[in-house]
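Asker: Structure of the sequence below:
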Amino acid sequence: DINMARDVFLFIKLAEEAKNKRNCNFKECLQIASKISGLNIDINTFKYNKEEKDRFENERWIRKNQKTNKQIEILDETLIKLFVDEYHPYIETRGYDDDVIKFFELGYSKYGINEEYINNPRFPGRIIVPIRDVSGGLVGLSGRLATDNKILIKKYKKYQHLVDFEKGLVLYNLNNAKNSIEESKKIIICEGFFDIIRLYTFGVDNAVAVMGTSLTPEQLSLCLIAHEAYICFDNDKAGKLNSIRICEQLKDYMNVYNVVLPNGKDPDNIKNPEEFWSVMSKAERYIGGNT
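Answerer: Predicted coordinates:
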């Protein structure tokens, strides 16, 4: 029984980690199990498999009743007030109206955040995006460079954080999208903040972002309020690979659909709602393998 085998390996892993105060990987667990059972197993024939590791970690998370020892600090709400009273012309290039800016509490930091640099008139500062947990608590402030200039992005990094929060414990916008997801039982999963904001302007209110390209066990557990998931990642090489990986992580828990955007596009640069819904209507359920 595969579940019993996993429980045995989990027991060995936890026992070894408690005893030796260090991580015990799969090969070490297998070696210990081999000695206990008296079987001669060549551990060098076993190769690391990211998809299997993801699935194992996610199932372990579910067995722990979605509880975690990790904690994320709730920040003082007054931090937002340092940024919301000033805007940058870059926001206008995104086409957001005042209602959208206020809803997502977008702000601007003239001098950047958590970084050292020489005061340079070319430096554009950062668009500030508040990050909230599922209950609405402020857990982080992320700063997106207020430019698309590749030279400046390479020099200063596209994103910096006011607080190095545990982004793997939260899904961006879930606090706003939760009611819609629970009602529709559908969740749209994107990569970044501006993907979510763009979809919101199209009337989409059940979208969340992983704030990267991977789905942690904690984030997976937050998705379980839905029965259907639509993975809407950037249509580039990395986006395609990671969307399939997330489909694999979720397919055992809900129906999963891989949304294939027009070549080279991401949700943020979809032109209008009609284009987005046309793409969504063509999404096929992910079964596995080459599907």
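
Asker: Sketch out the helices for the chain, chain order is fine.
Answerer: 2-20, 26-37, 50-63, 89-94, 98-103, 150-156, 174-184, 193-201, 217-223, 237-250, 273-281 (DSSP state H).

Asker: and Leu261, which of those is closest to it?
Answerer: helix 273-281 (5.9 Å; CB to CB). C-beta here means a position set from N, CA and C on the backbone, and glycine is covered the same way.

Asker: for that closest one, which positions count as buried?
Answerer: Residues of helix 273-281 classed as buried: Phe276, Val279 (neighbour count, 16 or more other CB atoms under 10 Å).

Asker: Leaving out the residues flanking it, which one is nearest to His283?
Answerer: That one is not His; residue 283 is Ala. In space, and not counting its chain neighbours, Ala283 is closest to Tyr257: 4.1 Å by CB to CB, 6 or more residues apart in numbering.

Asker: Quickly list what that neighbour is bridged to.
Answerer: Note on Tyr257: beta-bridge partners Tyr230, Arg285, judged by DSSP bridges.

Asker: For it, give me its contacts.
Answerer: Counting by CB atoms under 8 Å, 6 or more residues apart in numbering, Tyr257 touches Glu228, Ala229, Tyr230, Ile231, Ala283, Glu284, Arg285, Tyr286.

Asker: ok, now with 6 Å
Answerer: Tyr230, Ala283, Arg285 (CB atoms under 6 Å, 6 or more residues apart in numbering).

Asker: cool, Pro267 as well?
Answerer: With CB under 6 Å, 6+ apart, Pro267 has these contacts: Cys190, Asp195, Arg198, Leu199, Cys232.

Asker: and if we set it to 7 Å?
Answerer: By CB atoms under 7 Å, 6 or more residues apart in numbering, Pro267 lies in contact with Cys190, Asp195, Arg198, Leu199, Cys232, Leu261.

Asker: same check, this time on Ala209
Answerer: The contact partners of Ala209, taken as CB under 7 Å, 6+ apart, are Leu171, Tyr172, Asn173, Cys190, Glu191, Gly192, Phe193, Asp195, Ile196.

Asker: Export these to TSV and append columns for neighbour count and distance to Leu14.
Answerer: Converted to TSV, those look like this (neighbours: other CB atoms under 10 Å; distance: CB to CB, whole Å):
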residue	neighbour count	distance to Leu14
Leu171	29	28
Tyr172	27	32
Asn173	23	35
Cys190	28	35
Glu191	25	33
Gly192	24	35
Phe193	22	36
Asp195	25	38
Ile196	27	37
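
Asker: Can I get those in JSON lines including pLDDT and distance to Gly239?
Answerer: Shown next, in JSON lines, are these (pLDDT from 0 to 100; distance: CB to CB, whole Å):
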{"residue": "Leu171", "pLDDT": "96", "distance to Gly239": "18"}
{"residue": "Tyr172", "pLDDT": "97", "distance to Gly239": "17"}
{"residue": "Asn173", "pLDDT": "98", "distance to Gly239": "19"}
{"residue": "Cys190", "pLDDT": "97", "distance to Gly239": "10"}
{"residue": "Glu191", "pLDDT": "94", "distance to Gly239": "7"}
{"residue": "Gly192", "pLDDT": "93", "distance to Gly239": "11"}
{"residue": "Phe193", "pLDDT": "94", "distance to Gly239": "16"}
{"residue": "Asp195", "pLDDT": "96", "distance to Gly239": "11"}
{"residue": "Ile196", "pLDDT": "97", "distance to Gly239": "15"}
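
Asker: can those go into JSON lines with extra columns for distance to Val208?
Answerer: Conversion of the contacts of Ala209 to JSON lines gives the following (distance: CB to CB, whole Å):
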{"residue": "Leu171", "distance to Val208": "4"}
{"residue": "Tyr172", "distance to Val208": "6"}
{"residue": "Asn173", "distance to Val208": "5"}
{"residue": "Cys190", "distance to Val208": "7"}
{"residue": "Glu191", "distance to Val208": "11"}
{"residue": "Gly192", "distance to Val208": "11"}
{"residue": "Phe193", "distance to Val208": "11"}
{"residue": "Asp195", "distance to Val208": "10"}
{"residue": "Ile196", "distance to Val208": "7"}
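
Asker: Run through the stretch 151-291 of the chain and note the low-pLDDT ranges.
Answerer: Within the stretch 151-291 of the chain, the segments meeting pLDDT under 70 span 162-164, 289-291.

Asker: Please indicate which of the contacts of Tyr257 has the highest neighbour count?
Answerer: Tyr230 (19 neighbours; other CB atoms under 10 Å).
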